[in-house]
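Asks: fold the stuff below for me.
(4 chains)
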There are 2 protein chains.
Amino acid sequence: MAQRKSPTRPRPAAPPRPRDAEQTRSEILHAARVLFATRGYANAGMREIAAAAGITPALVVRYFGSKRDLFIAAIESDIGLGPFLGPDRATVGRHIARYFFSKPVREADTLSILLHAAGEPEVCDLATELLAARVIQPLARWLGPPRAEARASLLLAIISGTWLFRQALPMRAFTGGPDTALASCMAAQIQHVVDGLPEA
Amino acid sequence: MAQRKSPTRPRPAAPPRPRDAEQTRSEILHAARVLFATRGYANAGMREIAAAAGITPALVVRYFGSKRDLFIAAIESDIGLGPFLGPDRATVGRHIARYFFSKPVREADTLSILLHAAGEPEVCDLATELLAARVIQPLARWLGPPRAEARASLLLAIISGTWLFRQALPMRAFTGGPDTALASCMAAQIQHVVDGLPEA
DNA sequence: GTTTTTTGTAAACGCCTGTTGACTTCTAGC
DNA sequence: GCTAGAAGTCAACAGGCGTTTACAAAAAAC
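Replies: Now for the predicted structure:
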């Protein structure tokens, strides 16, 4: 049988990466979250993610199986408005608006990842299912009648639209801080929906 | 000099496409708009667009130069809320909501194309500039004080968020018709912003 | 001390992409 | 009728993609 060449190439002087599987795995996941959130699923390449994690693309595959499985792992973390859904309903609008207009734009948040999944045939369904289960349903329960699910959906649309133009499709008006006119308008708007949204 | 082979392959029996440059150009543009709107910039391939137009990818390049130039041509058409910005301010919320919840989901509208440009490094800036010039500015002028630009931005966020979850990231609650609870909530919501958005 | 398993790298694979150049074929002008 | 140019097809290119295979080396097990 044919014998393979064993060139024993000169090993480079670069110090080898310390072997820590758990840390490597979390570094891959963090890099993937950042790149999925900023570039979207299609534009974030495996080589780019691997380079950001300081490793080789083959290792990403070994840890997570495939790009799609990596995406699933990247969105399987905390998402939802849970922290805001407390007993104090009178100021929740201001709190949510302040939170989203204080958030650093380039952070690796799950909402950005999911919004970037729009139109990606591979991961679009996953994104919508996650949003329905983790955002719409708890929010509708917290809101209560009347028209709980419609009001919850509308809140998701407001927040997502705002965050879309702040993070993914950045427009000047949306990139300011929590003390801008837009932030206070958003707060009033959210509060209006929370309070029951009387018919126009 | 080397002479090229001239194989004179047998011509297939398929009837040749009628030669009409103007019609071909508009068919390419329509196919591009549909595919950019449904699949996004990255996922809509030149071969796919060419096939939808019934021609060859090389011809798409000859008509439009490059994929990016084709995208520019695809968004250089009517966009904006112009038709709604009339003298009747009391019912504009209902009109806009009814329009967007009556629109067929798979139509090739410019808003979908622009939302799908999120995160695409090649075309992201174009999309935001077009939205600012053709939507935000006229809308702010029509709205008037107080905080015209902030309210205009908020309206864009509401409409875009709603349309995003109806078209690009389709969720059950958003795919209904103009008589659903969500549509009437959206109408009330828009009207509230148009009317001046009193502080919460 | 030797063997086995884990953790990592390097190079390639097949496929798909946008784009190009050479080539036909229809059509309009003379 | 002949010719020039427009309209369209075909095949290939270079490069990027996700993924796989082969291999090296450190750590762990015995």
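Asks: only C-alpha atoms from now on, for both contacts and neighbour counts.
Replies: Fine.
Asks: residues in contact with the residue most central in space within chain A?
Replies: Against the mean C-alpha coordinate of chain A, by Cα atoms, centre = their mean, the closest residue is residue A:110 at 1.8 Å. With contacts defined as Cα atoms under 8 Å, 6 or more residues apart in numbering or on different chains, the neighbours of residue A:110 are A:33, A:37, A:74-75, A:77-79.
Asks: which of those residues has the weakest pLDDT?
Replies: Scanning those for pLDDT, the low point is residue A:78. It has 70.
Asks: and the pLDDT at the residue nearest to that one when sequence neighbours are not counted?
Replies: Excluding the flanking residues, the one nearest residue A:78 by Cα to Cα, 6 or more residues apart in numbering or on different chains is residue A:110, at 7.6 Å. Listed pLDDT for residue A:110 reads 93.
Asks: likewise residue A:5?
Replies: 37.
Asks: cool, the one 5 residues further on as well?
Replies: The predicted local distance difference test score for residue A:10 is 40.
Asks: which helix or strand contains residue A:142?
Replies: Element membership for residue A:142 (DSSP states H and E) is helix A:137-143.
Asks: quick one: the lengthiest helix in chain A to chain centroid distance?
Replies: Using DSSP state H to define each element, chain A has its longest helix at helix A:21-39. Relative to the mean C-alpha coordinate of its chain, helix A:21-39 is positioned 12 Å out (Cα atoms, centre = their mean, to the nearest Å).
Asks: ok, now stretch A:47-57?
Replies: Distance, stretch centre to chain centre, for stretch A:47-57: 20 Å (Cα atoms, centre = their mean).
Asks: and stretch A:69-88, by the same measure?
Replies: 9 Å.
Asks: start and end of it, how far apart?
Replies: Stretch A:69-88 has an end-to-end distance of 39 Å (criterion: Cα to Cα, to the nearest Å).
Asks: ok, now stretch A:103-116?
Replies: This stretch, stretch A:103-116, spans 18 Å end to end (Cα to Cα).
Asks: which parts of chain A are helices?
Replies: A:21-39, A:46-53, A:57-64, A:67-75, A:92-102, A:110-115, A:124-131, A:137-143, A:148-163, A:181-194.
Asks: redo these as TSV? Include distance to DNA strand D.
Replies: Shown next, in TSV, are the helices of chain A (distance: least, Cα to the nearest atom of the strand, whole Å):
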stretch	distance to DNA strand D
helix A:21-39	10
helix A:46-53	4
helix A:57-64	4
helix A:67-75	4
helix A:92-102	29
helix A:110-115	15
helix A:124-131	16
helix A:137-143	32
helix A:148-163	25
helix A:181-194	36
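Asks: ok, which of those comes nearest residue B:147?
Replies: Proximity to residue B:147 (Cα to Cα) singles out helix A:181-194 among the helices of chain A, at 6.8 Å.
Asks: quick one, what contacts residue A:70?
Replies: Applying Cα under 8 Å, 6+ apart, the residues contacting residue A:70 are A:29, A:32, A:64.
Asks: who's in contact with the last one?
Replies: Right, the one you point to is residue A:64. residue A:70 are the contacts of residue A:64 under Cα under 8 Å, 6+ apart.
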